[in-house]
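1. Provided below are the primary sequence and the corresponding predicted coordinates.
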Amino acid sequence: MSYKTYINLPVDNLDATKTFFTQLGFKFDPNFTDTQAAGMIINEGHSYAMLLSRPFFHSFFPHKAISDAKAQVEVSIALQCDSKEAVDALIAKAISAGGKTYNQAQDHGFMYGHGFEDLDGHIWEVFTMTPPANQQE
């Protein structure tokens, strides 16, 4: 079975967050974007990050407190790239746009990864992976 994925993230300043991710090369679906939310396309037709103003996000979960992603980690979002260069390029764009890294790049031979925190502290892991030869088609 296959599912479309919508990752919902609370943000403090929707306009600043949209600007940040636009600088990283992401686009937004106008059908899922208004003054309270922005549907950021991760994989056209399959995966989106729904960036929701904090009050709008909380309206879905009024019985729970919203985590402060700058102080705690609740989830990390992993994005697979085609190459090590693509990983490094996205990290550089994130830093240039106001994000920050939380670790050093990790090279494990078959997998290379790095990561960044967005303006709200959400963790985005960026990696490329080459499966072992016995798993390649």
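-> Great, that's in hand.
2. Do a quick rundown of the strands in this protein.
-> Here the chain has its strands, by DSSP state E, at 5-11, 27-29, 37-43, 47-53, 76-80, 106-107, 111-117, 123-129.
3. Just send those strands back as CSV, with distance to A94 too.
-> For the C-beta atoms, the positions are set from N, CA and C on the backbone; glycine is no exception. CSV is the format used below for these (distance: least, CB to CB, whole Å):
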stretch, distance to A94
strand 5-11, 15
strand 27-29, 16
strand 37-43, 14
strand 47-53, 14
strand 76-80, 11
strand 106-107, 16
strand 111-117, 4
strand 123-129, 7
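4. of all those strands, which lies closest to D68?
-> Taking CB to CB, strand 5-11 is the member of the strands of the chain nearest to D68, at 9.5 Å.
5. The closest one: how far from the chain's middle?
-> 9 Å (CA atoms, centre = their mean, to the nearest Å).
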